[in-house]
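Visitor: Take a look and give me a structure for this.
(one chain, ligands or ions: 1)
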Amino acid sequence: MSSSPIPSNVNVLPQTRQLLGLYSIIRDKNTSRSDFIFYSDRIIRLLVEEGLNQLPVTDKLVKTPTGAEFKGLAFEGKICGVSIMRAGESMEQGLRDCCRSVRIGKILIQRDEETAQPSLFYDKLPEDISSRFVFLLDPMLATGGSAMMAVEVLIARGVPQERILFLNLIASPEGIAAFAEKFPNVQIITGVIDDGLDENKWIQPGLGDFGDRYYCI
Ligand code: URA
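Guide: Sure, this is the predicted structure:
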């Protein structure tokens with residue numbers, strides 16, 4: 001885990017032994033695809049729960065079967081998911097597991113081979129997205145190029161930064177710094193911040209290509 005100062009809009013999951021064990025499995029190059037999926041899904045579930053934890057709430061009083069009152073709370077506001085294709089789609093089920101029948105939009109951004117700049121190829125977003133909290137899903141925050149372009153698409157559709165939560169399993173310090181400088185009011189929820197990017201923009205120590213390991217290998 002990186003020792004650089006963490007910007008205030010970045011929320012890193014508590015580094016419990018349980019979480020470290022899960023990361024040890026998905027980072028291991030010898031882990032089978034089915035284990036990679038199973039243990040990544042467990043981390044994704046924790047990220048979604050932490051994202052839900054950031055949403056506004058109101059007081060709610062309920063009566064329990066014992067006749068007593070319980071001073072609890074209720075979530076406020078509607079949410080939706082937006083996955084950055086292809087790897088972000090791996091996080092959709094984790095969101096559905098917590099929020100039944102949640103609406104999920106998609107954004108396809110690809111890096112131009114010649115310029116290395118990301119460009120937008122496709123988006124399909126819920127009509128009423130501007131009135132929702134948006135869980136933006138992409139498992140690896142490397143340079144942040146795709147995620148920042150996705151946030152620009154959301155802002156152009158009327159979603160304020162304050163209602164965007166970007167969920168990822170592993171972030172690089174470079175990606176965090178670039179993203180937090182450009183969008184200081186978007187909440188980043190990550191499982192861990194790694195050491196940095198190598199010369200080919202892979203996260204180190206990282207886990208390789210998340211999409212390939214989840215969908216192909
Ligand atoms: N995307 C990945 O899947 N892995 C990285 O290390 C960087 C981007």
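
Visitor: Now do the longest helix seen in the chain: which elements does it pack against?
Guide: Longest helix of the chain, by residue count under DSSP state H: helix 33-53. If you count contacts as 3 or more Cβ pairs under 8 Å, 6 or more residues apart in numbering; DSSP states H and E, helix 33-53 packs onto helix 17-27, helix 92-98, strand 164-171, strand 187-193, helix 210-215. In short, each C-beta sits where N, CA and C put it, glycine included.

Visitor: Gly105 in helix, strand or coil?
Guide: Look at Gly105: counting by DSSP: H, G, I helix; E, B strand; the rest coil, its state is strand.

Visitor: How about Gly81?
Guide: Gly81 ends up strand, using three-state DSSP.

Visitor: who's in contact with the nearest residue to it once chain neighbours are set aside?
Guide: If the residues on either side of it in the chain are set aside, Gly81 comes closest to Ile104, at 4.2 Å by Cβ to Cβ, 6 or more residues apart in numbering. By Cβ atoms under 8 Å, 6 or more residues apart in numbering, the contact list for Ile104 reads 80-83, 92, 95-96.

Visitor: Of these, just say which sits nearest to the ligand.
Guide: Among the contacts of Ile104, Ser83 lies closest to the ligand (Cβ to the nearest ligand atom), at 14.2 Å.

Visitor: Can you give me the neighbour number for the closest one?
Guide: Per other Cβ atoms under 10 Å, the neighbour tally for Ser83 reads 24.

Visitor: What pLDDT does the model give the most far-flung residue of the chain relative to its centre?
Guide: Farthest-out residue of the chain from its mean C-alpha position, per Cα atoms, centre = their mean: Gly67, at 40.4 Å. Here the pLDDT value assigned to Gly67 is 97.
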